[in-house]
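Trainee: heads up, no residue letters with this:
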Ligand code: UD1
């Protein structure tokens, strides 16, 4: 168990580059399985989740070479179709490999990814999409065994625009001899990145970024090189770090339109934001103002930034209201922030935050990835020392976040 120790109260200033997107890298790494050839990916963040995905790819028989942010996957000799339970347990989104395995070899066996710290996270929508594609699913053994002779292109209407189910449906339908149309598809930018990647490799997919995606099946993919998009959640996290410390920071290599709802909320809090092509500058006010947020599927406010903006709102003037509409249990971090002096009232999916003048350093526990990042953000402004235990959660999804924040003037040390 590793720990971050933060000496709070340092104003953040300067420029920082945003890393490649975690949530785009994971499905794109899974998509390498579809390519009976060699895929080169650039700008892949060096984080625990991408390491687990690489571990699974190797287990399945892929050759994987990694140097810095470049990963080369040779998937010509895939020889397994089961994802071992221990790897499945390490990362829920390994379920995304099912669609890719089914697309490539018509078979995939995996265990239930199970619940996690932010909610139950079922996979019924993924399985329903597979059934629509003529895939036979057996759930009687404790494992989920998916098989088909041939994927049957079809219409898939998702009951909810699930990001993972949309990605799995795309991956399973890429190599077919017909057309699949997904309606009520998730519209997240990471799905657009998956489409761009697959099309660069020879797929024929259109509509990502809207709620209707059409996949015209192709026989195979070809060798390809692709640069992963910047991480919009990391970008939002860094902006919140600038905001809470009264700072003045510039993010480089970012796609501003992908974080429009976050920019809007930070402006409502009184931050001045200047947007250039792939750069965002934030100047925080002397005193932040309260605001309210409701998390929604894209293009709404992202659930992954709910905890992080909530952290900022703990020191804003006035009362803020948050409604979490995506996951049912995403306020675990609040009790840890309360140990630092934050004032939360939680009722079901709603959190009411009464802004306080200051937070105090405390010993706190990260309980999930984004909740952990929220504690880190709070520690930056808290008086004295904050110790965050269990930072393994944070390391799953943020590349060098301590180093980046320290480059901007924070004082964070890591104890392993
Ligand atoms: C992805 C992101 C995660 C983000 C989430 C929502 C990755 C690797 N992870 O997760 O960071 O928080 O989108 O933006 O990209 N649901 C069902 N049945 C299903 C699938 C989902 O009920 O079969 C529910 C979930 O429990 C949740 C909601 O749908 O309440 C959204 O989940 P989904 O969009 O699927 O999120 P993930 O793809 O798991």
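Mentor: It's in. The shown structure was predicted, so the numbers you read here are calculated from the model rather than taken from an experiment. Numbering: from 1, shown residues only.

Trainee: Next up, the contacts around the residue in the chain sticking out farthest from the centre.
Mentor: Distance from the C-alpha centroid of the chain, by CA atoms, centre = their mean, peaks at residue 149 (32.9 Å). When the contact criterion is CB atoms under 8 Å, 6 or more residues apart in numbering, the partners of residue 149 are residue 106. Where you see a C-beta, it was placed from the backbone N, CA and C, and this is true even at glycine.

Trainee: and the gap between it and the ligand?
Mentor: Separation of residue 149 from the ligand (CB to the nearest ligand atom, to the nearest Å): 25 Å.

Trainee: same deal with residue 408?
Mentor: For residue 408 relative to the ligand (CB to the nearest ligand atom), the value is 24 Å.

Trainee: And for residue 92?
Mentor: Taking CB to the nearest ligand atom as the criterion, residue 92 is separated from the ligand by 7 Å.

Trainee: okay, residue 87: pLDDT?
Mentor: Residue 87 is assigned 88 on the pLDDT scale.

Trainee: Surely it and residue 94 touch.
Mentor: Yes - between residue 87 and residue 94 a contact is recorded at 6.1 Å, counting by CB atoms under 8 Å.

Trainee: Residue 343 pairs with what?
Mentor: Legend: beta-bridge partners of residue 343 under DSSP bridges are residue 354.

Trainee: Quick check, it in contact with residue 354.
Mentor: Yes - counting by CB under 8 Å, residue 343 does reach residue 354; the two are 4.1 Å apart.

Trainee: Mind listing the shared neighbours of residue 87 and residue 94?
Mentor: 52, 56.

Trainee: who has more neighbours, the two?
Mentor: Ranked by neighbour count (other CB atoms under 10 Å), residue 87 and residue 94 place residue 94 first, with 23 against 17.

Trainee: For the more buried one, which non-adjacent residue is spatially closest?
Mentor: Using CB to CB, 6 or more residues apart in numbering and skipping the chain neighbours, the partner closest in space to residue 94 is residue 88 (5.3 Å).

Trainee: Does the one you found touch residue 113 like I think?
Mentor: Yes - shown here, residue 88 and residue 113 form a contact pair, counting by CB under 8 Å, at 6.0 Å.

Trainee: Now do the shared contacts for the two.
Mentor: Taking CB under 8 Å, 6+ apart as the criterion, residue 88 and residue 113 both touch 94, 95.

Trainee: residues near the residue nearest to residue 107 when sequence neighbours are not counted, how many?
Mentor: Nearest residue to residue 107 in three dimensions, chain neighbours excluded: residue 81, at 4.2 Å (CB to CB, 6+ apart). For residue 81, the neighbour count with other CB under 10 Å is 22.

Trainee: residue contacts, residue 81?
Mentor: 60, 101, 105, 107, 108, 109.

Trainee: so of the residues you listed, which ones are in strands?
Mentor: Counting by DSSP state E, the contacts of residue 81 place 107, 108, 109 in strands.

Trainee: mind putting those in JSON lines, neighbour count included?
Mentor: Shown next, in JSON lines, are those (neighbours: other CB atoms under 10 Å):
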{"residue": "107", "neighbour count": "16"}
{"residue": "108", "neighbour count": "28"}
{"residue": "109", "neighbour count": "18"}
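
Trainee: Quick check: of the residues you listed, which lies closest to the ligand?
Mentor: Distance to the ligand, by CB to the nearest ligand atom, is smallest for residue 108 among those, at 15.3 Å.

Trainee: Tell me the predicted confidence for that closest one.
Mentor: 97.

Trainee: can you list the residues of the stretch 151-300 of the chain near the ligand?
Mentor: 160, 162, 163, 164, 165, 186, 190 (CB under 6 Å from any ligand atom).

Trainee: Return the list of helices and strands in contact with the one helix or strand the last one maps to.
Mentor: Using DSSP states H and E, residue 190 sits within helix 189-200. With contacts taken as 3 or more CB pairs under 8 Å, 6 or more residues apart in numbering; DSSP states H and E, helix 189-200 sits against helix 22-31, helix 163-173, strand 204-206, strand 224-227.

Trainee: Make TSV out of these and add mean pLDDT.
Mentor: As requested, the helices and strands packed on helix 189-200 are exported to TSV (pLDDT from 0 to 100):
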stretch	mean pLDDT
helix 22-31	98
helix 163-173	98
strand 204-206	98
strand 224-227	98
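
Trainee: could you dump those to TSV with distance to residue 336 and mean neighbour count?
Mentor: Converted to TSV, the helices and strands packed on helix 189-200 look like this (distance: least, CB to CB, whole Å; neighbours: other CB atoms under 10 Å):
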stretch	distance to residue 336	mean neighbour count
helix 22-31	22	26
helix 163-173	27	28
strand 204-206	42	16
strand 224-227	36	17
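
Trainee: which one of these lies closest to residue 42?
Mentor: Nearest of the helices and strands packed on helix 189-200 to residue 42, taken as CB to CB: strand 224-227 at 4.4 Å.

Trainee: and that closest one, how far out from the chain's middle?
Mentor: 20 Å (CA atoms, centre = their mean, to the nearest Å).

Trainee: mind starting the numbering at 19 from now?
Mentor: Sure, I'll start counting at 19 from here, so that last one is strand 242-245.

Trainee: I'd like to check what contacts it. Which residues are they?
Mentor: So strand 242-245 is contacted by 38, 46, 53, 57-61, 214-215, 218-220 (CB under 8 Å, 6+ apart).

Trainee: Would you mind listing the buried residues in stretch 84-97?
Mentor: For stretch 84-97, burial by neighbour count (16 or more other CB atoms under 10 Å) applies to 87, 89, 90, 91, 92, 93, 96.

Trainee: repeat for stretch 334-341
Mentor: For stretch 334-341, a neighbour-count test (16+ other CB under 10 Å) marks 334, 338, 340 as buried.

Trainee: what about it, near the ligand?
Mentor: No - Stretch 334-341 stays clear of the ligand (CB under 6 Å from any ligand atom), getting no nearer than 13.8 Å.

Trainee: Any chance you could list what contacts that stretch?
Mentor: Counting by CB under 8 Å, 6+ apart, residues outside stretch 334-341 touching it are 287, 305-313, 324, 328, 331, 367-373.

Trainee: Appreciated, that's everything.
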